[in-house]
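*Asks:* Okay, here's the prediction I keep looking at, along with the sequence it came from:
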Amino acid sequence: DAGVTQSPTHLIKTRGQQVTLRCSPKSGHDTVSWYQQALGQGPQFIFQYYEEEERQRGNFPDRFSGHQFPNYSSELNVNALLLGDSALYLCASSLEQGAMSEAFFGQGTRLTVV
Amino acid sequence: QKEVEQDPGPLSVPEGAIVSLNCTYSNSAFQYFMWYRQYSRKGPELLMYTYSSGNKEDGRFTAQVDKSSKYISLFIRDSQPSDSATYLCAMRALSGNTGKLIFGQGTTLQVKP
């Protein structure tokens, strides 16, 4: 059973550029959340997608946007990249139904903005 | 003040020691509490998941939740060098759907042979 897969694993972008990160959830999962983890910090919630709609959003600017496809996979887009956007971007998938639904994380995409 | 506070360490212990990792939180709405382990340059791996107050044991790992004190702990018995990693506490308020997870900063643990 493939877990949560993210692509690419590493990415280097120039300030001002745009980037798209991709996530395939664990088989059977229908909810995808994105997190940003700066070096030495815990992950910070960006947003969550369910049924192809953004359901919750953290304290991130509109430069951060996303999408969920009918097959539950998801993309995270960041426009007008800033040096401070350099971080590990994590995707987590879970199942909407179930009181004890657990969130499983992918390996992350390490984004470096230069 | 952060919603979840966690001592970043680093914490260094000899092999075989009992390790105690802790988090405090301020939001009384948190109901679900998790511990994740994160190796360098990897994604977090779920270790323990508890609901409300009480203890939960899984092998060498024991998670404790004290909602009255807004304090959670993870104990690792007979620690091994392979336990060297960053340990993240996480919590959330909503039931049913998963809601957003609020993480602590993470504690870096090194177990020396």
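*Replies:* Yep, that arrived. Numbering: from 1, shown residues only, chains lettered A, B, ... in the order given.

*Asks:* Could you pull up the residues touching the residue of chain A found nearest chain B?
*Replies:* At 3.3 Å from chain B, residue A:42 is the closest residue in chain A, using CB to the nearest CB. Quick note: C-beta positions are derived from backbone N, CA and C, even for glycine. Shown in contact with residue A:42 (CB atoms under 8 Å, 6 or more residues apart in numbering or on different chains): B:4, B:6, B:88, B:90, B:103, B:104, B:105, B:106.

*Asks:* Read off the pLDDT value for it.
*Replies:* What the model reports for residue A:42 is a pLDDT of 95.

*Asks:* Let me know the secondary structure of residue B:108.
*Replies:* strand (DSSP: H, G, I helix; E, B strand; the rest coil).

*Asks:* where's the residue of chain A closest to chain B, which helix or strand?
*Replies:* Counting by DSSP states H and E, there is no helix or strand that carries residue A:42.

*Asks:* for chain A, what are the nearby residues on chain B?
*Replies:* Counting by CB under 8 Å from any CB of the partner chain, the residues of chain B close to chain A are B:4, B:6, B:8, B:32, B:34, B:36, B:41-46, B:49, B:51, B:88, B:90, B:95-106.

*Asks:* Show me how to select, in PyMOL, the buried members of the residues you listed.
*Replies:* Entered in PyMOL, the line below selects the buried ones among these, by 16 or more other CB atoms under 10 Å in any protein chain shown:
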select buried, chain B and resi 4+6+32+34+36+43+44+49+88+90+97+98+99+100+101+102+103+104+105+106
